[in-house]
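**Student:** Sequence first, then the predicted structure:
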Amino acid sequence: MKKKLITLLSLSLITANMAFAEYAFVDSSDFTGDAFFTPPALEEKQEEAKKANDFGRTPTLPPIKKLRIKIKKALKERDARKYELAPTAEQEDVYAAGAETSEYASKDLVDDFDETGYQIKHINIVKDADCFIIVPATANIIAKVAHGLADDVLSSAFLAATCPKIIAPAMNVHMYENTATQKNLDICKSYHIKIVEPEIGELACGYQGRGHLSDIEDLLDAIEYATSPHPLAGKHVLITAGPTQEPLDPVRFISNHSSGKMGYALAKVARQLGAHVTLISGPSSQRAPYEVDVIKIQSAQGMFKQVLSYFDFQDYVIMSAAVGDYRPLEYSNQKIKKKADEFYLKLGKNEDILSYIGKHKTKQTICGFAMETENVIENAQNKFFKKNCDLLVVNDLFEDGAGFKTDTNKVALITKNFVDYL
Ligand code: CTP
């Protein structure tokens with residue numbers, strides 16, 4: 001398989017901007033008066049950094065080199081056979097090193113334009129790239145991209161690239177929220193550049209707010225999406241995941257061991273294949289997959305209500321949630337106190353969501369799930385027909401590598417005419 005070539009050139013060039021900004025900021029503390037406001041949290045960090053003789057760099061700012069190593073490692077871990085960084089990204093340390101000193105901080109260290117012949121760097125490094133990601137992207141480079149400026153290696157290479165492009169902004173919250181930056185991002189989007197929105201968090205400048213570089217997993221998902229085919233583009237996929245909790249009183253509920261891993265993994269893959277994915281999830285600690293609409297519910301009744309409201313316009317529905325079959329018929333508003341030695345609960349049957357949608361389907365292809373402990377295939381086949389599924393995935397709870405909370409699974413696929421063991 002041919003590896004995808006990812007251009008990560010931006011990291012080191014952006015270092016130049018950042019190092020300059022930090023250095024200037026530290027210098028500004030020499031001024032007296034109110035002209036330069038330094039947030040207290042930052043002052044403390046600068047003090048720490050000065051003690052460490054580190055040019056006053058903010059320790060919380062992830063050093064760009066470290067970030068690059070982290071992304072490379074994560075890309076490899078995700079699929080080493082699929083991705084490789086453009087070789088140029090390896091050579092960019094020269095920029096990062098130069099940016100450490102104020103003398104060079106504001107300059108491009110390599111003159112890209114005095115090269116002769118056909119080896120022009122900003123053209124060469126992108127000609128075979130499958131994806132170009134700018135991470136972290138400053139307000140400055142976003143503005144350059146939006147307006148087609150090409151006055152350094154990064155902006156020139158980005159303009160020259162014809163592969164899918166991604167921008168992952170990271171900056172001060174006010175710079176990010178500034179109308180100018182937002183308009184520039186809108187322009188970038190209109191050029192089909194994917195924006196991986198920053199998160200809310202503690203920023204390198206000491207402020208709190210939106211501007212924190214997004215999670216690395218989201219960056220990788222964006223890269224994977226940009227470099228994959230999208231056979232499900234335009235399709236709607238609805239997936240249920242996790243357990244339901246059937247509340248008894250404000251502190252107790254009836255539930256099961258489902259972790260949600262299966263449904264969340266399916267949602268991620270469906271999105272990577274290009275579908276618009278809605279994930280209706282019971283309580284789960286799984287991370288929301290990138291660009292998937294996650295709707296959180298607690299009880300089976302809540303899940304039923306949500307499934308119904310999305311069902312009509314779905315093309316595929318995958319019911320991987322472990323829905324509670326029964327719920328306490330009475331809910332106590334106050335904590336139930338222990339009294340007698342024996343305690344009886346009256347339970348009522350929940351709606352079987354899969355059966356309901358199986359009965360009412362129009363254009364939808366429906367996939368059910370089943371977990372069995374005995375007569376696995378026979379029970380699953382009965383469920384397949386009873387619930388009017390198009391496909392049913394069954395796993396045996398007692399098989400090694402299958403069941404709740406595992407990262408692996410062993411399943412059989414049941415359709416009308418065959419059983420396929422995976
Ligand atoms: N399911 C559902 N609504 C319910 C119960 C189950 O939609 N109230 C769905 C599950 O999401 C799954 C399939 O039905 O896709 C089979 O679930 P399972 O718990 O294995 O089957 P049950 O019908 O509950 O049968 P049993 O518990 O008796 O095995």
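**Tutor:** Thanks, I have it.
**Student:** Bridged to the closest residue to the ligand within the stretch 101-250 of the chain, which residues?
**Tutor:** Closest residue of the stretch 101-250 of the chain to the ligand, Cβ to the nearest ligand atom: residue 240 (6.0 Å). For the C-beta atoms, the positions are set from N, CA and C on the backbone; glycine is no exception. Residue 240 has these beta-bridge partners by DSSP bridges: residue 280, residue 319.
**Student:** By mean pLDDT, flag the weakest helix or strand of the protein.
**Tutor:** Least confident helix or strand, the chain: helix 10-28 with a mean of 28, by mean pLDDT, DSSP states H and E.
**Student:** can you pull the contacts of the residue of the stretch 101-250 of the chain closest to the ligand?
**Tutor:** Taking Cβ atoms under 8 Å, 6 or more residues apart in numbering, we find residue 240 in contact with 263, 279-281, 303, 307, 318-321, 323, 353.
**Student:** out of the residues you listed, which are buried?
**Tutor:** Buried members of the contacts of residue 240, counted by 16 or more other Cβ atoms under 10 Å: 263, 279-281, 303, 307, 318-321, 323, 353.
**Student:** Residue 180: which of those residues is nearest?
**Tutor:** residue 279 (35.0 Å; Cβ to Cβ).
**Student:** from memory the closest one sits against residue 269, does it?
**Tutor:** No - Residue 279 is beyond contact range of residue 269, at 11.8 Å (criterion: Cβ atoms under 8 Å).
**Student:** how close does residue 421 sit to the ligand?
**Tutor:** 18 Å (Cβ to the nearest ligand atom, to the nearest Å).
**Student:** who does that residue bridge with?
**Tutor:** The partner residues for residue 421, given DSSP bridges, come to residue 412.
**Student:** Quick check: it touching residue 396?
**Tutor:** No - under the criterion of Cβ under 8 Å, residue 421 makes no contact with residue 396, lying 10.9 Å away.
**Student:** Of the two, which one has the most company?
**Tutor:** residue 396 (19 against 8; other Cβ atoms under 10 Å).
**Student:** And for that one, nearest residue in space, chain neighbours not counted?
**Tutor:** Closest residue to residue 396 apart from its sequence neighbours, by Cβ to Cβ, 6 or more residues apart in numbering: residue 376 at 4.8 Å.
**Student:** Confirm residue 222 sits in a helix?
**Tutor:** Yes - assignment of residue 222 by DSSP: H, G, I helix; E, B strand; the rest coil places it within a helix.
**Student:** So what's the residue count around it?
**Tutor:** Residues near residue 222, counting by other Cβ under 10 Å: 23.
**Student:** didn't it look like it was pressed against residue 194?
**Tutor:** Yes - in this structure, residue 222 is within contact of residue 194 by Cβ under 8 Å, at 5.7 Å.
**Student:** Need the residues touching each of those two.
**Tutor:** With Cβ under 8 Å, 6+ apart, residue 222 and residue 194 have common neighbours residue 166.
**Student:** Point out the other helices and strands that the helix or strand in which residue 189 is found packs with.
**Tutor:** Here residue 189 sits within helix 179-190, counting by DSSP states H and E. Secondary-structure packing of helix 179-190 (3 or more Cβ pairs under 8 Å, 6 or more residues apart in numbering; DSSP states H and E): helix 139-146, strand 165-169, strand 194-195.
**Student:** repeat that with 6 Å
**Tutor:** helix 139-146 (3 or more Cβ pairs under 6 Å, 6 or more residues apart in numbering; DSSP states H and E).
**Student:** avg pLDDT for the helix it packs on?
**Tutor:** For helix 139-146, mean pLDDT rounds to 94.
**Student:** is it true that residue 348 lies in a strand?
**Tutor:** Yes - Residue 348: assigned to a strand according to three-state DSSP.
**Student:** And for it, nearest residue in space, chain neighbours not counted?
**Tutor:** Nearest residue to residue 348, sequence neighbours excluded (Cβ to Cβ, 6+ apart): residue 329, at 4.5 Å.
**Student:** That neighbour contacts residue 344, doesn't it?
**Tutor:** No - counting by Cβ atoms under 6 Å, residue 329 sits too far from residue 344 to count as a contact (11.4 Å).
**Student:** higher neighbour count, the two?
**Tutor:** residue 329 (10 against 6).
**Student:** Let me see the confidence value for that one.
**Tutor:** 97.
**Student:** Over to the one 4 residues further on?
**Tutor:** In the predicted model, residue 333 carries a pLDDT score of 97.
**Student:** can you give me phi and psi for residue 315?
**Tutor:** Here is the backbone geometry of residue 315 (degrees, to the nearest 10): phi -100, psi -40.
**Student:** Repeat that for residue 368.
**Tutor:** Torsion angles, degrees, to the nearest 10, at residue 368: phi -100, psi 170.
**Student:** That one - how many residues pack around it?
**Tutor:** Residue 368 has 26 nearby residues by other Cβ under 10 Å.
**Student:** these two touch, right, it and residue 389?
**Tutor:** Yes - using Cβ under 6 Å, residue 368 is in contact with residue 389, at 4.3 Å.
**Student:** List the contacts of the closest residue in space to residue 143 that isn't next to it in sequence.
**Tutor:** Distances taken as Cβ to Cβ, 6+ apart put residue 184 closest to residue 143, at 5.1 Å, once the chain neighbours are dropped. Residue 184 is in contact with 142-143, 146, counting by Cβ atoms under 6 Å, 6 or more residues apart in numbering.
**Student:** Let's see the pLDDT reported for residue 184.
**Tutor:** 98.
**Student:** Kindly report the residues of the protein close to the ligand.
**Tutor:** 300, 319, 321, 323, 325, 350, 352-354, 368-371, 383 (Cβ under 6 Å from any ligand atom).
**Student:** Mark which of the residues you listed are part of helices, please.
**Tutor:** Mapping these onto helices (DSSP state H) picks out 300, 353-354, 383.
**Student:** Of those, just the buried ones, PyMOL syntax please.
**Tutor:** Remark: buried members of those, expressed as a PyMOL selection using 16+ other Cβ under 10 Å:
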select buried, resi 300+353+354+383
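**Student:** So which of the residues of the chain next to the ligand sits lowest on pLDDT?
**Tutor:** residue 371 (88).
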